[in-house]
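[1] I would like to see how this sequence folds:
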Amino acid sequence: MNAPNDVSLRAWAPAGVPEVREGDDLTTLLLAALDEDLADGDVVLVTSKVVSKAEGSVRASTRDAELPGETRRVVARRGPTTIVRNRLGLTMAAAGIDASNVEPGYAVLLPRDPDASARTLRAAIAERTGRNVAVVVTDTAGRAWREGQTDMAIGAAGLVVLESFVGREDAYGNPLVVTAPAVADELAAVAELAQGKLGARPFAVVRGRADLVLPAGEDGPGAAVLIRQEGSDFFGYGAREAVVRALAGDPADRAPFGAPATADDLAAAIAAVTGSTPTTSGASVVVTGAPAGVLHALAFAHGWTVTHEDGRLSHLSPLTT
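    Numbers count the residues shown, from 1 in each chain. Sure, this is the predicted structure:
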């Protein structure tokens, strides 16, 4: 018997779901597959693949052929693998285009608007069952610095997707400054454990976190708020790509490098690379005896620009654009 403060989760993924085709009603398929009724506060999780199939985002094509149209910019390339920031803002291998669990010769694109798909499913479930549930659209992705893949939320409706603890204290009285569990991603990972990859179980239900489910009629901001804005991620480019972009110096490539560094940080980088001793004065850095090309690349990577060159003397100022 559970103690009063115990928390338990239950996750299950119904079997018997037929192959999903364009135009199929996912709500009908979900409710037909469930072996018990949904309850208020449940979280329903649906793989992006069946959402895409039902919405017609399947192409008689290949991943390589579809990749340019799904790409906002390339983050890194290593051999046959291309990591891109896709049209949804997600950073994924091959833009999230999938050629598995689909007929040979076809490629499945991500849903056009996963948050909107989640809202549609949530509304349909409420209409047919009278239950207030949250809906999450999930997809599989790798993680930087980690082997393997896990599922994450790419669409959500009716769910607190990011549980902020900022301003609270832990049991020892320490202030929590940046703690914000991405609970939508955690729920997606729990659901994937129940679904498996080869079990043809595209739906899952997680019960036990009704506190994260928003009231009926409130869909919340969706999973889009989990995507970091351009320039706010420390790893905007792969290591090789960052060097190439900085040397090329195309203004269109600036955003992923983030906000301008401080004068001291830039001066330290210049000293480390060139062996010179830059001086800082307010919002400028003055360098003597450093190669111009190196300075331009370092300035670009740090959000600065070379504003004046006079012989061996260079003035660098932070960008104001």
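
[2] From the chain's centroid, how far away is stretch 273-285?
    Stretch 273-285 sits 37 Å away from the centroid of its parent chain (Cα atoms, centre = their mean, to the nearest Å).

[3] And for stretch 260-275?
    31 Å.

[4] which parts of it are buried?
    Residues of stretch 260-275 classed as buried: 260-261, 263, 266-267, 269-270, 274 (neighbour count, 16 or more other Cβ atoms under 10 Å). For the C-beta atoms, the positions are set from N, CA and C on the backbone; glycine is no exception.

[5] Stretch 49-66 too?
    So for stretch 49-66, counting by 16+ other Cβ under 10 Å, buried means 49-55, 57-59, 63, 66.

[6] who's in contact with Thr150?
    Contact analysis of Thr150 by Cβ atoms under 8 Å, 6 or more residues apart in numbering lists 140-141, 143, 188-189, 192.

[7] before we move on, what about Gly41?
    Residues counted as contacts of Gly41 (Cβ under 8 Å, 6+ apart) are 132-133, 207, 209-211, 213.

[8] ok so it is a strand residue?
    No - counting by DSSP: H, G, I helix; E, B strand; the rest coil, Gly41 is not part of a strand but coil.

[9] For it, give its distance to Leu212.
    9 Å (Cβ to Cβ, to the nearest Å).

[10] Repeat that for Ala267.
    46 Å.

[11] Over to Arg146?
    25 Å.

[12] Compare neighbour counts for these two and give me the winner.
    Leu212 (20 against 8; other Cβ atoms under 10 Å).

[13] which residues touch that one?
    43, 134, 159-160, 163, 183, 187.

[14] Among these, name the ones in strands.
    If you go by DSSP state E, those have 43, 134 in strands.

[15] For the contacts of Leu212, could you give me TSV that also reports pLDDT?
    Below are those laid out as TSV (pLDDT from 0 to 100):
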residue	pLDDT
Val43	98
Ala134	98
Leu159	98
Val160	97
Glu163	85
Val183	97
Leu187	98
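
[16] if we can go back for a sec, can I get the contacts of Thr150 in JSON lines including distance to Met92?
    Shown next, in JSON lines, are the contacts of Thr150 (distance: Cβ to Cβ, whole Å):
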{"residue": "Thr140", "distance to Met92": "9"}
{"residue": "Ala141", "distance to Met92": "5"}
{"residue": "Arg143", "distance to Met92": "11"}
{"residue": "Ala188", "distance to Met92": "14"}
{"residue": "Ala189", "distance to Met92": "16"}
{"residue": "Glu192", "distance to Met92": "16"}
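
[17] Would you map the helices across the stretch 1-150 of the chain?
    26-33, 48-55, 63-70, 114-129 (DSSP state H, counting those that start in this stretch).

[18] wait, which of those helices is closest to Glu218?
    Distance to Glu218, taken as Cβ to Cβ, is lowest for helix 114-129 among those, at 10.4 Å.

[19] Who are the packing partners of the closest one?
    Secondary-structure packing of helix 114-129 (3 or more Cβ pairs under 8 Å, 6 or more residues apart in numbering; DSSP states H and E): helix 26-33, strand 43-47, helix 48-55, strand 134-143, strand 146-157.
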